[in-house]
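Chemist: Following is a predicted model, sequence given first.
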Amino acid sequence: MSLTDPIVVWALIGLFLILAEIILPGGIVILLGIACLVVSSMLWGGVVEGFNQSLTLWFISSIVLLLGFRGLTQKMIGGDAHIDNTDEAIDVYGQIATVKETIGPGEHQGRIRFNGSDWPAVADGSQISVGEQVKIICQQNIAFVVELDNEEQQEQTEQQGN
């Protein structure tokens, strides 16, 4: 048997795919590799002959293995499956940012520092000075709509009252 023998080629491809599961976890590649080993064994046993029959058997055995054992391999091997929020507006609502460039008065845009980046921001018409903490209300295009953080508002009200 040489390396160009179809039995050896299918077996080597199968072993390669099974080992590739280490790098590409998820339980799919290992099943495709097992399907290659099925084809290799059927070629060795004389059940199939030629490239067309081998490829057809590989497709059929791959589908059967994927449909039959995908759930089992997912439990054994695991994978990278997680559920994240797809609405970014919900993720930023209520987050605290720092004012980098004065916002307001009126519709005058300023800048805030949020998640390590500077972003344009507008307020409710009042002026918010540099260095103050603001709470993000929503996102309007690329600019954030912000309001003074409640704790900051309370401190300013107490200072004005004294």
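Modeler: That came through, no problem.

Chemist: from here on, contacts and neighbour counts on C-alpha atoms
Modeler: Noted.

Chemist: Helices along this structure, start to end?
Modeler: Secondary structure of the chain, counting by DSSP state H: helices at 6-20, 29-45, 50-77, 88-92, 150-161.

Chemist: how does the chain divide into domains?
Modeler: According to automatic domain parsing, the chain comprises the domains 6-77, 88-149.

Chemist: In terms of mean pLDDT, which of the ones you listed ranks lowest?
Modeler: Of all the domains of the chain, the segment with the smallest mean pLDDT is domain 88-149, scoring a mean of 85.

Chemist: And that one, how far out from the chain middle?
Modeler: Here domain 88-149 is found 27 Å from its chain centre; the criterion is CA atoms, centre = their mean, to the nearest Å.

Chemist: for stretch 5-13, same thing?
Modeler: Using CA atoms, centre = their mean, the offset of stretch 5-13 from its chain centre is 36 Å.

Chemist: Also stretch 50-59?
Modeler: 35 Å.

Chemist: Could you pull out the buried residues of it?
Modeler: Using 16 or more other CA atoms under 10 Å as the burial criterion, the residues of stretch 50-59 that qualify are 54, 57-59.
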